[in-house]
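**Student:** Dropping the sequence and predicted coords here.
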Amino acid sequence: MAAFFIPILTLFTKARHMNNAQMIASAGFDISLLNSDSKAVDQVHLVSVLFDEDGAHKAGFEIVSKNSDQYRAVIRETSVVAIKRSVQKSKQIDAKTDEGAAELYDLAEHRNMKIAIAVVVGMPGFVDKGVQVQPAPALLKSIFEKMPSWQEKVLAALEADGNFLTV
């Protein structure tokens, strides 16, 4: 009989030490949110790429998740191009050759660039003559070509679902 009360006592003790947000999160995901007519606002995640001497954020990119319209549109666009390319017999790529393998690599890099550009919705800390810079495809392409590690950081942050989850 005592073995039955110990787990219940443990649950009550844990619940007493949880705040409201933790208690709501522990209840699970409210499925009615998926059926709601109102479109949820995409959560933005900050990917810092420049830091001050104390290690604090100096400049970076605000990105939206894989659930965003921007991401879904660029994936559709690049997939349609790939499908069309694959059915054209005159444009088949022979990946066994150095040239073919290089072409496949370049296509993948081009797709990654398009994805990184599409998901950036803000550039906090980037200024031009003291004025905050707004993201534009040409500017982002130029930045990512000069600083490929920044593009990699954006893509890595995009892959981490935890960056876009809140309680």
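**Tutor:** Here it is on my side, so go on.
**Student:** For this structure, which segments are assigned as strands?
**Tutor:** Remark: strands of the chain, listed N- to C-terminal, are 44-51, 57-64, 120-122, 127-128, 131-132; assignment by DSSP state E.
**Student:** Just the mean pLDDT for stretch 63-76, thanks.
**Tutor:** Here stretch 63-76 scores 94 as its mean pLDDT.
**Student:** for Thr97, what are its contacts?
**Tutor:** Going by C-beta atoms under 8 Å, 6 or more residues apart in numbering, Thr97 touches no other residue. From N, CA and C alone the C-beta is placed, and that goes for glycine too.
**Student:** Pull out the buried positions in stretch 135-142.
**Tutor:** Pro135, Leu139, Leu140 (16 or more other C-beta atoms under 10 Å).
**Student:** Next, format these as JSON lines and append distance to Lys114 and pLDDT.
**Tutor:** Shown next, in JSON lines, are the buried residues of stretch 135-142 (distance: C-beta to C-beta, whole Å; pLDDT from 0 to 100):
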{"residue": "Pro135", "distance to Lys114": "14", "pLDDT": "96"}
{"residue": "Leu139", "distance to Lys114": "15", "pLDDT": "97"}
{"residue": "Leu140", "distance to Lys114": "10", "pLDDT": "98"}
